[in-house]
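Enquirer: my questions concern the predicted model and sequence given below.
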Protein chains: 2
Amino acid sequence: MDAIISRQDAETGGFSNTKFDAGWQISFEADLKAPRVVEARVASYPPRSLIVDEGDETTNVYEVVEGGVLLFKLLPDGRRQIIEVLGVGDVFGLAPNGVSDVGAETLTKARVAIYEKRRVDADTALRDRIFSRLRAQMCALHDHALLLGRKSAQERVATFIMRLVPGRGGHACSGPLGGCDETHVDLAMTRQEIADYLGLTIETVSRAFSALRRAGTIAYERQDRVAIPSVCQLCRLTGSH
Amino acid sequence: MDAIISRQDAETGGFSNTKFDAGWQISFEADLKAPRVVEARVASYPPRSLIVDEGDETTNVYEVVEGGVLLFKLLPDGRRQIIEVLGVGDVFGLAPNGVSDVGAETLTKARVAIYEKRRVDADTALRDRIFSRLRAQMCALHDHALLLGRKSAQERVATFIMRLVPGRGGHACSGPLGGCDETHVDLAMTRQEIADYLGLTIETVSRAFSALRRAGTIAYERQDRVAIPSVCQLCRLTGSH
DNA sequence: CGAAGAATTGACCGCATTCAAATGCGGTGG
DNA sequence: CCACCGCATTTGAATGCGGTCAATTCTTCG
């Protein structure tokens, strides 16, 4: 594995303080405010590198410190489902029986804090922090189950893009600030990754993007950067409102 | 709400000690061995009654003590997705912001232990037990995301039935015991509930059941009771093996 | 500029949905 | 016991959305 392991004592964990609302919006950037004193091994990975594989024995708990991480599962015939897209502060590696039920792969260049089981067992404060984050991630999984089970391709893609707009689309959506309702978002994921996340094929994702573009709901600034003239208009296509 | 509230001090919580493997198999029956001393309010509900609704304010944590509970989400136009089917020992009501992100409804007659937030905050042992169970339930959600995103209708239904066979279909599947590989399972859920759980329509679920029946993979003992001549044969249709 | 990979677009197909009708099942009352 | 009713389930036929296969275009990078 091509991870660069470094030991960091009393280092800033760098947790995002972005408000998560049922898992919406992701922050891949560490917020350097509110540093926490944590003794942990931190591993650095290049983009698209495997951290743990499905079925690996691990009792470690992992926390994303910088960058993005994908959790995925595979079927024997190669079908892949991306289960969750993790940002800074999110945790994984919590399968109860010491065998990872999902694979974890970096989406971007990423740093991941690794906590050994005995440390998690001993440290109540750490455990509580993991617990708390796990609750938020569980809500994201609930939302995603609704998307996978009941939403159309259009709605899935619209939901996906909305997920990348900070502070919007959740239950407590602030609405447009000061009349202006345009933004742009970075996709960070390839079409294939988006497809595997949304339970679609790459072609269907592409078609849905194109349809949104033709309708004027989005525009491409670059291939991986989308302009949204009216967030509310996009939000109406998610099926959630 | 038609719950019968009772106060039970130092009562047996009655937790199932069935081994859960990534959320597979459900036990709606409390195992009375290994009683735990718990002070908690316990509410009793008739079948199909609402415990909490999506959007309700609750800081309580709930634990299923007897029976089965469904967690679900709705879209504004009425589409419903059942997120998770809970058995004895499973917990819910853990949305991080005090507003439930899912509705919870009893599947069968059920009893549910209710822990207030301040009690969960104060009691480390309780919190750890909830945490531990949450980890198992998260694995079940991961599996279900794979099902919803990537499996065919046939595979979903086969997976659903396998989920009801104790000790089989998981990663550490024991295989048939002593050559004999037949069982029967109680469905407990209506076709509509199964459809909402599997992200299908009621007709598609019915057709999948019929196809399995025609193929001899299952047989009806009653409408809600399925005989499985060969568990392994059914398991091969889940797409997971 | 050229090559390799990613994304888009098009044509066609198949699976699941939709709409509709028939059948089966459980309960109530005669 | 049996007839009847209401509801769940099953089955059938037609439609359509998303998948599959294939060709083209766009991007990136050497």
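Expert: Okay, I see it. Computed from a predicted structure; not experimentally measured.

Enquirer: and A:Met234, that one's in a helix?
Expert: You called it Met, but residue A:234 is Leu. Yes: applying DSSP: H, G, I helix; E, B strand; the rest coil, one finds A:Leu234 inside a helix.

Enquirer: isn't it right next to A:Ile161, touching?
Expert: Yes: between A:Leu234 and A:Ile161 a contact is recorded at 6.3 Å, counting by C-beta atoms under 8 Å. (C-beta placed from N, C-alpha, C; glycine too.)

Enquirer: okay, and the common contacts of these two?
Expert: Each of A:212, A:218, A:228 lies in contact with both A:Leu234 and A:Ile161 under the rule C-beta atoms under 8 Å, 6 or more residues apart in numbering or on different chains.

Enquirer: which non-adjacent residue is nearest the closest residue to DNA strand D within chain A?
Expert: Going by C-beta to the nearest atom of the strand, DNA strand D is nearest to A:Thr204 of chain A, at 3.0 Å. Distances taken as C-beta to C-beta, 6 or more residues apart in numbering or on different chains place A:Ala153 nearest to A:Thr204, at 5.1 Å, with adjacent residues excluded.

Enquirer: you'd agree that neighbour is up against A:Ala208?
Expert: Yes: here A:Ala153 reaches A:Ala208: they are 5.1 Å apart, a contact under C-beta under 8 Å.

Enquirer: hey, what's in contact with both of the two?
Expert: Here A:Ala153 and A:Ala208 share the contacting residues A:Leu200, scored by C-beta under 8 Å, 6+ apart.

Enquirer: and chain A, what are its domain boundaries?
Expert: Here the domain parsing of chain A from automatic domain parsing is A:4-149, A:152-235.

Enquirer: hmm, back to that, wait, which of the shared contacts of A:Leu234 and A:Ile161 is closest to chain B?
Expert: A:Leu212 (19.4 Å; C-beta to the nearest C-beta).

Enquirer: tell me the contacts of A:Arg150?
Expert: Each residue near A:Arg150 by C-beta under 8 Å, 6+ apart is listed here: A:239, B:75, B:79-81, B:199.

Enquirer: now which of those would you call buried?
Expert: Among those, those buried by neighbour count (16 or more other C-beta atoms under 10 Å in any protein chain shown) are A:239, B:75, B:80-81, B:199.

Enquirer: out of those residues, which sit inside strands?
Expert: With DSSP state E as the criterion, strands contain B:80-81 from among the buried ones among the contacts of A:Arg150.

Enquirer: in stretch A:234-241, which residues are buried?
Expert: Under the neighbour-count criterion of 16+ other C-beta under 10 Å, stretch A:234-241 has A:234-235, A:237-240 buried.

Enquirer: first-to-last residue distance for that stretch?
Expert: 11 Å (C-alpha to C-alpha, to the nearest Å).

Enquirer: so how many other residues sit close to the closest residue to A:Asp53 other than its chain neighbours?
Expert: Spatially, and ignoring its direct neighbours in sequence, A:Asp53 is nearest to A:Gly103 (5.0 Å; C-beta to C-beta, 6+ apart). When counting by other C-beta atoms under 10 Å in any protein chain shown, one arrives at 21 neighbours for A:Gly103.

Enquirer: ok, A:Gly103 - contacts?
Expert: A:50, A:52-54, A:71-74.

Enquirer: give me the low-pLDDT residue ranges for chain A?
Expert: Chain A contains residues with pLDDT under 70 at A:1-25, A:31-39, A:179.

Enquirer: what ranges do the strands span in it?
Expert: All strands of chain A, identified by DSSP E, fall at A:4-12, A:37-45, A:50-52, A:61-66, A:69-74, A:80-86, A:91-92, A:103-106, A:110-115, A:183-186, A:219-222, A:225-228.

Enquirer: the ones you listed into a markdown table, with extra columns for distance to B:Arg133?
Expert: Formatted as a markdown table, these follow (distance: least, C-beta to C-beta, whole Å):
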| stretch | distance to B:Arg133 |
| --- | --- |
| strand A:4-12 | 32 |
| strand A:37-45 | 25 |
| strand A:50-52 | 22 |
| strand A:61-66 | 16 |
| strand A:69-74 | 20 |
| strand A:80-86 | 19 |
| strand A:91-92 | 17 |
| strand A:103-106 | 22 |
| strand A:110-115 | 20 |
| strand A:183-186 | 36 |
| strand A:219-222 | 45 |
| strand A:225-228 | 39 |
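
Enquirer: so can I have a markdown table of these showing distance to DNA strand D?
Expert: Listed next are the strands of chain A as a markdown table, based on distance: least, C-beta to the nearest atom of the strand, whole Å:
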| stretch | distance to DNA strand D |
| --- | --- |
| strand A:4-12 | 21 |
| strand A:37-45 | 18 |
| strand A:50-52 | 21 |
| strand A:61-66 | 21 |
| strand A:69-74 | 15 |
| strand A:80-86 | 11 |
| strand A:91-92 | 26 |
| strand A:103-106 | 17 |
| strand A:110-115 | 18 |
| strand A:183-186 | 12 |
| strand A:219-222 | 6 |
| strand A:225-228 | 9 |
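
Enquirer: of those, give the one that comes closest to B:Asp181.
Expert: Closest approach to B:Asp181 among these (C-beta to C-beta): strand A:69-74, 26.6 Å.

Enquirer: report whether that closest one contacts DNA strand C.
Expert: No: using C-beta under 7 Å from any atom of the strand, we find that strand A:69-74 stays clear of DNA strand C, coming within 14.4 Å at best.

Enquirer: who touches that strand?
Expert: With contact meaning C-beta under 8 Å, 6+ apart, strand A:69-74 is reached by A:51, A:54, A:80-86, A:90, A:92, A:101-107, A:110, A:112, A:193, A:196-197, B:142-143, B:145-146.

Enquirer: considering only those residues, which also neighbour DNA strand C?
Expert: Applying C-beta under 7 Å from any atom of the strand to those, one finds that nothing falls near DNA strand C.

Enquirer: for ChimeraX, write a command that selects the buried ones of these.
Expert: Of the contacts of strand A:69-74, the buried ones go into a single ChimeraX selection, burial set by 16+ other C-beta under 10 Å:
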select /A:51,54,80,81,82,83,84,85,86,90,92,101,102,103,104,105,106,107,110,112,193,196,197 /B:142,143,145,146
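
Enquirer: can you list the buried residues in the lengthiest helix in chain A?
Expert: For chain A, the helix with the greatest residue count under DSSP state H is helix A:124-150. Buried residues in helix A:124-150, counted by 16+ other C-beta under 10 Å: A:126-127, A:129-131, A:133-150.

Enquirer: gap between the two ends of stretch A:113-133?
Expert: So stretch A:113-133: terminal residues 14 Å apart, C-alpha to C-alpha.

Enquirer: interface residues of chain A facing DNA strand C?
Expert: Residues of chain A lying near DNA strand C (C-beta under 7 Å from any atom of the strand): A:190-192, A:202-203, A:205-207, A:209-210, A:220, A:223-224.

Enquirer: overlap between the residues you listed and the residues near chain B?
Expert: Filtering the residues of chain A next to DNA strand C for proximity to chain B by C-beta under 8 Å from any C-beta of the partner chain leaves nothing.

Enquirer: format those residues as CSV; extra columns: neighbour count.
Expert: Below are the residues of chain A next to DNA strand C laid out as CSV (neighbours: other C-beta atoms under 10 Å in any protein chain shown):
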residue, neighbour count
A:Thr190, 15
A:Arg191, 18
A:Gln192, 13
A:Ile202, 14
A:Glu203, 10
A:Val205, 23
A:Ser206, 15
A:Arg207, 15
A:Phe209, 20
A:Ser210, 11
A:Tyr220, 13
A:Gln223, 9
A:Asp224, 13
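
Enquirer: for A:Asp53, give its distance to B:Phe131.
Expert: Here A:Asp53 is placed at a distance of 25 Å from B:Phe131 (C-beta to C-beta, to the nearest Å).
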